[in-house]
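In: Show me how the following folds:
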Amino acid sequence: MHPALRVVAVVVIAPYFSACSLFGPNMQTITVSSDPAGAEVLLNGTRVGETPLRTPVPRREELLVEVRKPGYQTAYRQPDRTLSTLGILDVVAGSVILIPLLGLLSPAAWEQDPETFGINLEPAPAAPGTAKEKR
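Out: This next block holds a predicted model:
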């Protein structure tokens, strides 16, 4: 094989093996459950269903999970965004050659952590004047 063709082959193929995140998924699935079940789930203010729920979410965006049910206090959770396994591989490979560091620009290099939320909803406090007074 001609030396120039070898260089071209390495330049074309190297990202496929080293910048893994560029070719990974942009979404991940999170799971939301609640006690009691049947609570409404909103992600960033948009209703996505009721608990128990599995739903895809963007890996790289800020995420606010809101769980609410009449008679209970609304619960909020905000997962952290951390490096995914693919992102960690990109960092490690990037220490050898720089091409894999491009993978860190991809949403697949990141993940929402945690990806499972188990939420216990607390009863809402009684409104004043709704309890019967004892005489």
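In: now the strands: where do they sit in the chain?
Out: 27-35, 40-43, 46-50, 53-58, 65-68, 75-77, 80-83, 110-113, 116-120 (DSSP state E).
In: Figure out how far stretch 39-47 is from the centre of its chain.
Out: Computed by C-alpha atoms, centre = their mean, to the nearest Å, the separation of stretch 39-47 from the middle of its chain amounts to 15 Å.
In: what's the residue most central in space within the chain in contact with, if anything?
Out: Against the mean C-alpha coordinate of the chain, by C-alpha atoms, centre = their mean, the closest residue is Q112 at 2.7 Å. Counting by C-beta atoms under 8 Å, 6 or more residues apart in numbering, Q112 makes contact with Q28, I30, V57, R59, L63, P79, D80, R81. C-beta: built from backbone N, CA, C; applies to glycine.
In: let's see 6 Å
Out: By C-beta atoms under 6 Å, 6 or more residues apart in numbering, the residues touching Q112 are L63, P79.
In: quick one on the thing from earlier: in TSV, list the strands of the chain along with mean pLDDT and distance to S21.
Out: Converted to TSV, the strands of the chain look like this (pLDDT from 0 to 100; distance: least, C-beta to C-beta, whole Å):
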stretch	mean pLDDT	distance to S21
strand 27-35	96	13
strand 40-43	98	23
strand 46-50	97	26
strand 53-58	96	14
strand 65-68	98	24
strand 75-77	97	25
strand 80-83	86	9
strand 110-113	87	8
strand 116-120	95	23
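In: how about the ones you listed in JSON lines, adding distance to V92?
Out: Compiled in JSON lines, the strands of the chain are given as follows (distance: least, C-beta to C-beta, whole Å):
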{"stretch": "strand 27-35", "distance to V92": "21"}
{"stretch": "strand 40-43", "distance to V92": "32"}
{"stretch": "strand 46-50", "distance to V92": "35"}
{"stretch": "strand 53-58", "distance to V92": "25"}
{"stretch": "strand 65-68", "distance to V92": "31"}
{"stretch": "strand 75-77", "distance to V92": "31"}
{"stretch": "strand 80-83", "distance to V92": "11"}
{"stretch": "strand 110-113", "distance to V92": "16"}
{"stretch": "strand 116-120", "distance to V92": "27"}
